[in-house]
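Asks: Requesting a structural model of the entry that follows:
(chains A and B)
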Protein chains: 2
Amino acid sequence: MRNCSSLKIDGPCKVYLEESELPKAWYNVRADMKKKPAPLLNPGTGKPMTAAELEGVFCSELVKQELDNDTAYIEIPEDIRTFYKMYRPSPLVRAYFLEQALGTPAHIYYKFEGNNTSGSHKLNSAIAQAYYAKQQGLKGVTTETGAGQWGTALSMASAFFGIDCQVYMVKCSYEQKPFRREVMRTYGASVTPSPSMNTNVGRKINEEFPGTTGSLGCAISEAVEAAVTQEGYRYVLGSVLNQVLLHQSVIGLEAQAAFKKIGVKPDMIIGCAGGGSNLGGLISPFMGEKLRGEADYDILAIEPASCPSLTRGKYAYDFCDTGKVCPLAKMYTLGSGFIPSANHAGGLRYHGMSSILSELYDQGLMRAASVEQTKVFEAARLFAQTEGILPAPESSHAIRATIDEALRCKETGEAKNILFGLTGTGYFDMVAYQKFNDGEMNDYIPTDEDLAKSLAQLPNVGC
Amino acid sequence: MRNCSSLKIDGPCKVYLEESELPKAWYNVRADMKKKPAPLLNPGTGKPMTAAELEGVFCSELVKQELDNDTAYIEIPEDIRTFYKMYRPSPLVRAYFLEQALGTPAHIYYKFEGNNTSGSHKLNSAIAQAYYAKQQGLKGVTTETGAGQWGTALSMASAFFGIDCQVYMVKCSYEQKPFRREVMRTYGASVTPSPSMNTNVGRKINEEFPGTTGSLGCAISEAVEAAVTQEGYRYVLGSVLNQVLLHQSVIGLEAQAAFKKIGVKPDMIIGCAGGGSNLGGLISPFMGEKLRGEADYDILAIEPASCPSLTRGKYAYDFCDTGKVCPLAKMYTLGSGFIPSANHAGGLRYHGMSSILSELYDQGLMRAASVEQTKVFEAARLFAQTEGILPAPESSHAIRATIDEALRCKETGEAKNILFGLTGTGYFDMVAYQKFNDGEMNDYIPTDEDLAKSLAQLPNVGC
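Replies: Next up is the predicted model:
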């Protein structure tokens, strides 16, 4: 028997804040950054996008949030806080069982965002974006989804406020992940495989590449076209944007409050990083303390070795989408034409990184590292078996890094407090787990030549 | 917009007990029953099964619990309480959003058991059974699984204590639910499609019915054979048995404590009923109060119209399994040969009902009703859209009955407090949701002739 009876649990496994302790305002880390993140540029003019330009695509209030580099705290509307009470505050969990399995003196904590039907933290921003769309009197929203977590979250949020939700789902995911699709449909969303025949861009791609199974870039282009060509619709996005990191700060704010409650201070904070929504949300308030010189934290972004934007990309202006219809953002990027290997299972497949995180990383305020897929799933399995939660492949990148750090602590004897973000559950990722269980998973790391090729296509603006 | 801002939330949505408030003992409702449930009978002799006979199949400590009709409180071993802390106490949730959607004066509460990777309440008993197996020095356990919730729970529990777990999974589920299978494999369980070539009974069935996709009855028979023919193995079961209801009493005990905390008393308690594990666990301590004359509750068992053991079955001794290798139990039964329509999506497909619940029902201490599948999924969708949790089809039977009761309260103006058991999530049931979303779900109700046929085969013993 695992020696559970000797397991010293000297406090609660899970720290829950009261619902009355839910943050009343989101925290905008840009306000405390001396050097602000670079603005979005109009690809046509090379000049910063104005609010008026952005409002053709995004909701007005969200455009304000996108451009606001100065207001530190932005009030969370009461209706959104009411919705948050369905599934928040989310627990801060002490990973006693994992610590025991590793035999580490480190104290491992994770903020668990998977306890809602979308299965991830994405709901935190989806409900905010749906709220502002409704406030503006819109009929509905359009978006794209790859793995399906964001589409599910937006479907739930749209159902709550009674607005229409049109999801363009990458065709191969639509076919391979019918269950994700059905969750969205149960929430009343329409789910269209992309490329579709609904849009000009979709028809064009279908004509040029008959039988294509689509890509996220193409789905974005279709969703944007659908938003701007339908009366009363706007486009919404689940990551990368400043507004998304703002909404996701609720994760870090709750974590901070929970740590205060138990009188603990994390030494190190680890988060997986795709477009940056989870990592940015988790670290924001801690980074704020760091920027204001009130505390220091070792902050680590973990990305897949197959899609290493921070660790091997270039800090430059690039298109946010493969279709090149969106504005240019300054970010660590692998080039908007970069497509990670299809072998890669996780949702961390974005070619770039949030401008906020890119700037913080460039200023040396956080570190980054990459991990390989097989090692990630080994960590996921150990975590599942010890902590009882089957983690999402994305989150498991952070688990891998946490385990490695905890094992280092075992060598040094250091009782370091490590916090990582457990962004979601893996219930809809069992195809990847099956590959791993069958020993058929492999790793893929792009060569220098691969990266040079996609980086050569960066637009020549705004350096 | 749904009028969320006018939604009066006059208390917390979710009531969490502290981990230190986790029950220290399970409650055994049999102790307070004046007329005890009928004992298991040896099918060969027609006499009550002795401990010695049962110990060939079940763990010794569990046999003690199975036969103990007198001890009201049985201490929960510390290792099990430690494991419970991973995912318990589970929240008692006030369904403000559903209430608002219905416009009912009723106050609806649900005890949510789906916030763990097994996705259901089954883990509460799985961890107990795995613990006692390990305590006894066994190498492993065998079991069967249909929909897969019980198999998943037992895999998790076995991984925790480091014992082997062999799951016989009904072949059609094995093929149709590869994701469930992969969760079990990730936890280290071996999953064998049943009928297999591993056992005599499996080989025999494969020979007699080539190409058969199996049945739960057959999988039970294989799991029992595997347990008794391997050194150091025992068989475990996830429902029906007295011991399972004992372990599941943790649900009701927590609910009772949470209600005490907020100063509320439920008037009505509703639970879905298959073999009885959830309903029995939820109501046990409330039923205890009722049996001791301390309080009165209106208790309602909800079963599918397609498998109506309480509402249309007979109270008699019957085999617990289709293969007729298990002892006889006195219960409300449709006959061990009864097979509900394959159309039916939920996991409430068992032909009989826990002896404890059968006896309580027979004494008029609880009511029962049945609901049809399409109506169940309509309720499931409304619940998902309002409360943000995609419910399991099983749980949704209770949701249907709760909604109907809340709508009755709307007519009468009664502010009744209704508690129902939300046993789990529906993430692995999306095939059923898809059928519903596509309008292809249909209802099936067995005819009186169907039931007469299977009831005609009841064994002629122990009346």
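Asks: what are the phi and psi angles of A:Leu422?
Replies: phi -100, psi 90 (degrees, to the nearest 10).
Asks: What is the neighbour count of it?
Replies: 32 (other C-beta atoms under 10 Å in any protein chain shown). From N, CA and C alone the C-beta is placed, and that goes for glycine too.
Asks: for A:Lys314, same thing?
Replies: There are 14 residues near A:Lys314, going by other C-beta under 10 Å.
Asks: Isn't it up against A:Tyr332?
Replies: Yes: at 7.0 Å, A:Lys314 counts as touching A:Tyr332 under the criterion of C-beta atoms under 8 Å.
Asks: Around chain B, which positions in the stretch 151-300 of chain A sit nearby?
Replies: A:156, A:159-162, A:178-179, A:182-183, A:185-188 (C-beta under 8 Å from any C-beta of the partner chain).
Asks: Show the buried residues in those residues.
Replies: A:Met156, A:Ala159, A:Phe160, A:Phe161, A:Phe179, A:Glu182, A:Val183, A:Arg185, A:Thr186, A:Tyr187, A:Gly188 (16 or more other C-beta atoms under 10 Å in any protein chain shown).
Asks: What sits closest to the fifth one if chain neighbours are left out?
Replies: If I follow you right, that is A:Phe179. The spatial neighbour of A:Phe179 that comes closest, neighbours along the chain excluded (C-beta to C-beta, 6 or more residues apart in numbering or on different chains), is B:Met430 at 3.7 Å.
Asks: Quick check, pLDDT for that neighbour.
Replies: Note on B:Met430: pLDDT of 90.
Asks: same thing with A:Ser358?
Replies: Predicted confidence (pLDDT) for A:Ser358: 98.
Asks: What of A:Ser6?
Replies: We have a pLDDT of 57 for A:Ser6.
Asks: do A:Ser355 as well
Replies: So, for A:Ser355, pLDDT stands at 97.
Asks: which ones are touching it?
Replies: A:Pro37, A:Ala38, A:Leu40, A:Val240, A:Asn242, A:Ala329, A:Lys330, A:Met331 (C-beta atoms under 8 Å, 6 or more residues apart in numbering or on different chains).
Asks: Could you check how far the third one is from chain B?
Replies: Between A:Leu40 and chain B the distance, using C-beta to the nearest C-beta, to the nearest Å, works out to 29 Å.
Asks: What of the last one?
Replies: Applying C-beta to the nearest C-beta, the value for A:Met331 to chain B is 33 Å.
Asks: Just read off the phi/psi values of that residue.
Replies: Note on A:Met331: backbone dihedrals following degrees, to the nearest 10 are phi -160, psi 160.
Asks: So of the buried ones among the residues of the stretch 151-300 of chain A next to chain B, which two are at opposite extremes in space?
Replies: A:Phe161 and A:Phe179 (24.6 Å; C-beta to C-beta).
Asks: Any regions of chain A where pLDDT drops low?
Replies: Scanning chain A for pLDDT under 70 picks out the ranges A:1-6, A:343, A:462-463.
Asks: Name the residues that touch stretch A:436-453?
Replies: Residues outside stretch A:436-453 that contact it (C-beta under 8 Å, 6+ apart): A:305-306, A:308, A:312-313, A:334-335, A:338, A:340-341, A:343-345, A:372-374, A:377, A:380-381, A:432, A:435, B:182, B:185-186.
Asks: For ChimeraX, write the select line for the buried members of the residues you listed.
Replies: Buried residues within the contacts of stretch A:436-453, by 16+ other C-beta under 10 Å, are selected in ChimeraX with:
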select /A:305,306,308,312,313,334,335,338,340,341,344,345,372,373,377,380,381,432,435 /B:182,185,186
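Asks: which residues touch A:Gly146?
Replies: Applying C-beta under 8 Å, 6+ apart, the residues near A:Gly146 are A:Met169, A:Val170, A:Ser173, A:Leu216, A:Ala219, A:Gly347, A:Arg349.
Asks: Filter the contacts of A:Ser355 down to the ones in strands?
Replies: A:Ala329, A:Lys330, A:Met331 (DSSP state E).
Asks: So which of those residues is surrounded by the most neighbours?
Replies: A:Met331 (31 neighbours).
Asks: Give me the residue at the spatial middle of chain A.
Replies: Note on chain A: the residue nearest the mean C-alpha position is A:Ser277, at 3.5 Å, using C-alpha atoms, centre = their mean.
Asks: The closest residue to that residue other than its chain neighbours and chain B, how far apart?
Replies: The shortest distance from A:Ser277 to any non-neighbouring residue, by C-beta to C-beta, 6+ apart, is to A:Ser239 (4.0 Å). Distance of A:Ser239 to chain B, computed by C-beta to the nearest C-beta: 21 Å.
Asks: now do A:Gly413
Replies: 25 Å.
Asks: I figured that residue was touching A:Pro105, is that so?
Replies: Yes: counting by C-beta under 8 Å, A:Pro105 is a contact partner of A:Gly413 at 5.8 Å.
Asks: More neighbours: which of these two?
Replies: A:Pro105 (14 against 9).
Asks: So what does the residue lying closest to the more buried one once chain neighbours are set aside have for phi and psi?
Replies: Leaving aside its sequence neighbours, A:Pro105 sits nearest to A:Ala415 (C-beta to C-beta, 6+ apart; 4.6 Å). When read as degrees, to the nearest 10, the backbone of A:Ala415 gives phi -90, psi 60.
Asks: which residues touch A:Ala415?
Replies: Shown in contact with A:Ala415 (C-beta under 8 Å, 6+ apart): A:Pro105, A:Ala106, A:His107, A:Cys409.
Asks: distance of the closest residue to the third one other than its chain neighbours from B:Ala384?
Replies: Read it as A:His107. Distance criterion C-beta to C-beta, 6+ apart; nearest residue to A:His107, sequence neighbours excluded, is A:Asn417 at 4.9 Å. To B:Ala384, A:Asn417 is 38 Å away according to C-beta to C-beta, to the nearest Å.
Asks: Thanks a lot, catch you later.
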